[in-house]
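> Kindly return the folded structure for what I paste below:
(one chain, ligands or ions: 2)
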Amino acid sequence: MQPDANAPSHRLARVAAHLNPQMEEGAPALRPAACRAKGGAPGFKVAILGAAGGIGQPLSLLMKMNPLVSVLHLYDVVNTPGVTADVSHMDTSAVVRGFLGAQQLDAALTGMDLVIIPAGLPRKPGMTRDDLFNKNAGIVRTLCEGVARCCPNAIVNLISNPVNSTVPIAAEVFKKAGTYDPKRLLGVTTLDVARANTFVAEVLGVDPRDVNVPVVGGHAGVTILPLLSQVTPPCSFTQEEIKYLTNRIQNGGTEVVEAKAGSGSATLSMAFAAAKFGDACLRAMRGDAGIVECSYVASEVTELPFFATKVRLGRGGAEEILPLGPLNDFERVGLEAAKKELSESIQKGIGFMNK
Ligand SMILES: NC(=O)C1=CN([C@@H]2O[C@H](COP(=O)(O)OP(=O)(O)OC[C@H]3O[C@@H](n4cnc5c(N)ncnc54)[C@H](O)[C@@H]3O)[C@@H](O)[C@H]2O)C=CC1
Ligand SMILES: O=C([O-])CC(=O)C(=O)O
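Ligands and ions are numbered 1, 2, ... in the order given. Below you'll find the predicted structure:
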């Protein structure tokens, strides 16, 4: 018979073992909450890469609150011991483990079902998202190489900017590794939808939770294209309102960057949006039907290889890419501007991987 780990004679030894990893042979150096009192809850294994950052910390908190998560791996190149110890004291069911530094990347990723990536530099005032390319392209490449090695079937939610280029970079990494499944790679554009819902609700004087604005294209400036003609519940706007709303939604990120005046970009609203999108992915992975979210994915909706539209999420990720639907004249002009800039950003990402 196996010794009962919950027998009084074993209980403290088991707790000590996960607080003091040296007691567990072969355990990674940092595993503050590797055990549960009564075994693991059923659910999904989720890793957050960049977990100690401005987005990573509140996102770790929100994913620890998600009942669909049974194991939560927090990886960063700094500060994961503190974040992990802190989050692991929340009395929700997910088991939290921390991983620090490149030598623990593979341990952080092995066995994961969903990998959420908010690692990388944020903007300062005066910068475009593309100005982050030189630093963040390499970070995303390294992390995605880890995904290909250790959890090639995981669904990836990519947040790191510039999303318009980092998603093509990730796709190239997975192609080179022979693990690419376009359905499993999703660029996170949920914050654009959250902003659009909020700003439209303000104009209409309704609760933002009752509004749904499709936002298509990409995730930078003019590539962010809100389809105000397709808002639900159906409504109409004056030309002035359309200009105001489109401009505010396209520049929502810059509005936060300027307000933070050098200390970073959106973190709290982004963590909220990423947690919402991650939860939608997990519910779809569980088999829930009818889950539709906007995301920047491999797509044939336009002539470009990547484009954000509504996608139907399923067990395997983005199982159906939904069409753009009817656009009005204003949106058609916006679409052309979006495609021009997106095309360059996509080529830049692909070029980075093939130079
Ligand atoms: N998709 C979207 O809608 C949004 C994307 N972002 C982007 O998300 C990224 C993160 O933003 P913040 O959390 O505010 O930045 P931050 O600087 O506060 O945090 C980034 C974290 O990434 C970590 N990191 C750096 N290199 C790493 C590596 N090789 N492996 C693992 N972790 C690494 C850092 O140590 C840091 O903890 C930025 O690129 C930002 O532009 C931000 C808001 C919205
Ligand atoms: O604006 C930024 O740099 C961060 C971001 O992507 C957003 O808030 O939408």
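
> Residues of this structure that sit close to ligand 1?
When proximity is defined by Cβ under 6 Å from any ligand atom, the chain lies next to ligand 1 at 49-50, 52-56, 76-78, 118-123, 132, 136, 139, 142-143, 159-161, 163, 188, 191, 219, 264-267, 270. C-betas here are computed from N, CA, C, even on glycine.

> Now do the closest residue to ligand 1 within the chain, the pLDDT please.
Closest residue of the chain to ligand 1, Cβ to the nearest ligand atom: G53 (2.1 Å). Per-residue pLDDT puts G53 at 98.

> Now do the strands in the stretch 1-150 of the chain.
44-49, 69-76, 95-100, 114-117 (DSSP state E, counting those that start in this stretch).

> Buried deepest among the ones you listed, which one?
Ranked by mean neighbour count under mean count of other Cβ atoms under 10 Å, the strands of the stretch 1-150 of the chain are led by strand 44-49, which reaches a mean of 28.

> returning to that earlier point: of the residues of the chain next to ligand 1, which ones also sit close to ligand 2?
Contacts with ligand 2 within the residues of the chain next to ligand 1, counted by Cβ under 6 Å from any ligand atom: 122-123, 161, 191, 265-266.

> Counting only helices, which of the residues of the chain next to ligand 1 make the cut?
56, 136, 139, 142-143, 163, 191, 270 (DSSP state H).

> Out of those residues, name the two that are farthest from one another.
T142 and L191 (24.3 Å; Cβ to Cβ).

> neighbour count winner among these two?
Each of T142 and L191 has its neighbours counted (other Cβ atoms under 10 Å); L191 has more, 25 against 14.

> Grab the nearest non-local neighbour of that one.
A273 (4.0 Å; Cβ to Cβ, 6 or more residues apart in numbering).

> so which of the ones next to ligand 2 among the residues of the chain next to ligand 1 comes closest to P305?
N161 (19.0 Å).

> any idea how far the most centrally placed residue in the chain is from ligand 2?
For the chain, N157 is the residue whose C-alpha lies nearest the centre (Cα atoms, centre = their mean; 3.9 Å). Distance of N157 to ligand 2, given as Cβ to the nearest ligand atom, to the nearest Å: 14 Å.

> just I224 next, same as before
I224 is 8 Å from ligand 2, by Cβ to the nearest ligand atom.

> The nearest residue to that residue once chain neighbours are set aside - how many residues pack around it?
Here the nearest residue to I224 in space, its sequence neighbours aside, is Q250; by Cβ to Cβ, 6+ apart that works out to 4.7 Å. Close neighbours of Q250, defined as other Cβ under 10 Å, add up to 23.

> Could you pick out the residues of the stretch 151-300 of the chain near ligand 2 for me?
Residues of the stretch 151-300 of the chain lying near ligand 2 (Cβ under 6 Å from any ligand atom): 161, 191, 252-254, 256-257, 265-266.

> one more time with 8 Å
Residues of the stretch 151-300 of the chain found near ligand 2 (Cβ under 8 Å from any ligand atom) are 161, 163, 191-192, 195, 219-220, 252-254, 256-257, 265-266, 269-270.

> What residue in the stretch 1-150 of the chain comes nearest to ligand 2?
For the stretch 1-150 of the chain, Cβ to the nearest ligand atom, closest residue to ligand 2: R123, 3.7 Å.

> One more: the stretch 201-350 of the chain?
G253 (2.2 Å).

> Now do the contacts for that residue.
Taking Cβ atoms under 8 Å, 6 or more residues apart in numbering as the criterion, G253 is in contact with 123, 129, 191, 265-266.

> Same list (those residues) but as CSV, adding pLDDT and distance to V83.
Listed next are the contacts of G253 as CSV, based on pLDDT from 0 to 100; distance: Cβ to Cβ, whole Å:
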residue, pLDDT, distance to V83
R123, 97, 23
R129, 97, 25
L191, 99, 22
S265, 98, 19
A266, 98, 19
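
> and which of these is nearest I321?
Nearest to I321 among the contacts of G253: L191, at 20.2 Å, using Cβ to Cβ.

> separation between the closest one and N153?
L191 sits 27 Å away from N153, going by Cβ to Cβ, to the nearest Å.

> before we move on, what about G218?
G218 is 26 Å from N153, where distance means Cβ to Cβ.

> The two - which one has more neighbours?
Ranked by neighbour count (other Cβ under 10 Å), G218 and N153 place G218 first, with 30 against 11.

> Please name the nearest non-neighbouring residue to that one.
Nearest residue to G218, sequence neighbours excluded (Cβ to Cβ, 6+ apart): N164, at 4.3 Å.

> where does the protein have low pLDDT?
Applying pLDDT under 70 to the chain flags the ranges 1-6, 9-10, 13-41.

> Which residue ranges of it form helices?
Going by DSSP H, the chain shows helices at 8-19, 56-64, 80-88, 105-109, 133-150, 163-177, 190-204, 239-250, 252-260, 268-286, 329-353.

> Just put the ones you listed in JSON lines and tack on distance to F99.
Formatted as JSON lines, the helices of the chain follow (distance: least, Cβ to Cβ, whole Å):
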{"stretch": "helix 8-19", "distance to F99": "14"}
{"stretch": "helix 56-64", "distance to F99": "12"}
{"stretch": "helix 80-88", "distance to F99": "6"}
{"stretch": "helix 105-109", "distance to F99": "4"}
{"stretch": "helix 133-150", "distance to F99": "11"}
{"stretch": "helix 163-177", "distance to F99": "20"}
{"stretch": "helix 190-204", "distance to F99": "25"}
{"stretch": "helix 239-250", "distance to F99": "36"}
{"stretch": "helix 252-260", "distance to F99": "28"}
{"stretch": "helix 268-286", "distance to F99": "18"}
{"stretch": "helix 329-353", "distance to F99": "25"}
